[in-house]
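A.B. asks: turn this into a model:
(one chain, ligands or ions: 1)
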Amino acid sequence: MLRIGVLVSGGGTNLQAIIDGIRNGVVTNAGIEVVISNNPGAYALQRAMDNNIPAVCVSPKSFETRDEFNEALIAKIDEYHPDLIVLAGCMVVLPAELINKYANRIINIHPALIPSFCGKGFYGLHVHEAALERGVKLTGATVHFVDEGTDTGPIILQKAVPVLKGDTPEILQKRVMTEAEWKIMPQAINLIANGKVKVENGIAWIDE
Ligand code: GAR
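C.D. replies: Presented below is the predicted three-dimensional model:
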């Protein structure tokens, strides 16, 4: 069974999609061992507790230096021996040490079709504001492995969603979440849990 550690910062709707996916069989061979948030007020922590999953906060505010925070975060993750770390709305820039230690074992969900609207500064609602400003007719979501760049790792799954006249960033964000994120996040975890994802020369391939 794939042991998953989920890193969150906010509402945790993607975490909920994973919990539901495990419960309803969309995700097999996997279990969430811990949910870790940098933000003590994250509703995602409540979702974890409601589902009897250990919920832990490691806040940068509790440490004098970034290095001390990074060290504590890595130590906390290691405690649960995860096979896979899932960034589900995690707004923390991960230390290189963690990324190298868990190479090709960290995945992230990004609310756009990478390489559009990604990289530094593109997170949460900003992504949808930028998509509306550019006037794209399709946007969507991407699940990818995490490397040392920002949103640059191998792409595992993507799903497109239409942009409609009258969309606000909030309306578009909701459509991307319901029609893309909450679907491809559990699907990607299921593929990994069942040994269907391989990375070769920086490209992720799926064995169907
Ligand atoms: C999601 O839309 C996720 O794609 C995005 O933050 C939101 C978290 O929502 N992540 C990023 O922007 C990462 N660059 P959630 O807490 O309800 O899952």
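A.B. asks: what is the burial count for Ala42?
C.D. replies: Using other Cβ atoms under 10 Å, Ala42 has 24 other residues around it. Bear in mind the C-beta positions are built from the backbone N, C-alpha and C, glycine included.
A.B. asks: the residue of the chain found nearest the ligand and Gly10, how far apart?
C.D. replies: Using Cβ to the nearest ligand atom, Gly89 is the residue of the chain that sits closest to the ligand, at 2.6 Å. Distance, Gly89 to Gly10, using Cβ to Cβ, to the nearest Å: 5 Å.
A.B. asks: show me whatever sits in contact with both of the two.
C.D. replies: Jointly contacting Gly89 and Gly10 under the rule Cβ atoms under 8 Å, 6 or more residues apart in numbering are Ala44.
A.B. asks: neighbour count winner among these two?
C.D. replies: Gly89 (24 against 18).
A.B. asks: is the more buried one in contact with Gln16, as I believe?
C.D. replies: No. Using Cβ atoms under 8 Å, Gly89 is not in contact with Gln16; the gap is 10.7 Å.
A.B. asks: what mean pLDDT does the strand or helix carrying Arg23 get?
C.D. replies: Assessed by DSSP states H and E, Arg23 sits inside helix 13-24. Helix 13-24 carries an average pLDDT of 98.
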